[in-house]
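**Q** need a structure here:
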Amino acid sequence: MSGRVAKPPECRVLGADDYAALKNATRLAFKDAGGPEQFFEETRAGSAETLRNYVKHEQPAFAPVDVIADAERHARRPFVTEALARIAGFRLMPVAASVTGRGVMFDALREACEFGAQASEDLRDGKVDRLEAPEFLKALREAQRAFAAAEAQLLADHPFLKGEAE
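**A** Below you'll find the model as predicted:
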């Protein structure tokens, strides 16, 4: 420990609007990841109340980066990462190429198959029940992300399709 004390909010580098944007983006990420009551079980936050405190504008503390990473993995968009990019003067763009090296199209197919397996299991009785819903939603969102990346790659590879995409 260095013995340094954290600076009070009035000594921070960014403006109040930037900090408010980060709180709002965090709130959106937590909400999109299932809400504090559900999401806290997916991350190291001790409780839903801890997550709710991270988004309160009157609280000086912000969510740790690993909690944000967990939230954005479950959310449809990287809300906080987008806000940080905007604050830094950048624009966040989805990566067209797959991290796995197998390609975006392969990833989309894999996610579709995984979602199909999840859906067929959960829909055995004709509906998704309360206990199955979180995993079902997670699998659905992962498939949606993979399809969005596949569509972006296809349109980047074949610009003549842009008019046909709508």
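
**Q** Run through the protein and note the low-pLDDT ranges.
**A** Within the chain, the ranges that satisfy pLDDT under 70 run 1-11, 95-102, 164-166.

**Q** which helix in it runs the most residues?
**A** Criterion DSSP state H: the longest helix present in the chain is helix 133-157.

**Q** Against which helices or strands is that helix packed?
**A** In terms of contacts (3 or more CB pairs under 8 Å, 6 or more residues apart in numbering; DSSP states H and E), helix 133-157 is packed against helix 104-122. The way it works is simple: take the backbone N, C-alpha and C, and place the C-beta from them, glycine included.

**Q** contact partners of the helix it packs on?
**A** Helix 104-122 has contacts (CB atoms under 8 Å, 6 or more residues apart in numbering) with 96-98, 100, 128-129, 132, 135-136, 139-140, 142-143, 145-147, 149-150, 152-154.

**Q** the helices in this protein, which residues?
**A** Using DSSP H, helices in the chain cover 16-32, 36-39, 48-55, 65-74, 79-87, 104-122, 133-157.

**Q** Can you give the domain ranges for the protein?
**A** Following automatic domain parsing, one gets these domains for the chain: 12-87, 104-164.

**Q** Tell me which of these sits most buried.
**A** domain 12-87 (a mean of 17; mean count of other CB atoms under 10 Å).

**Q** gap between the two ends of that one?
**A** Domain 12-87 has an end-to-end distance of 14 Å (criterion: CA to CA, to the nearest Å).

**Q** Run through who's touching stretch 70-84.
**A** Applying CB under 8 Å, 6+ apart, the contact partners of stretch 70-84 are 21-22, 24-26, 28-30, 32-34, 39, 42-44, 63, 68, 92, 138, 141, 144-145.

**Q** how about V55, what does it touch?
**A** K23, N24, T26, R27, F30, A63.
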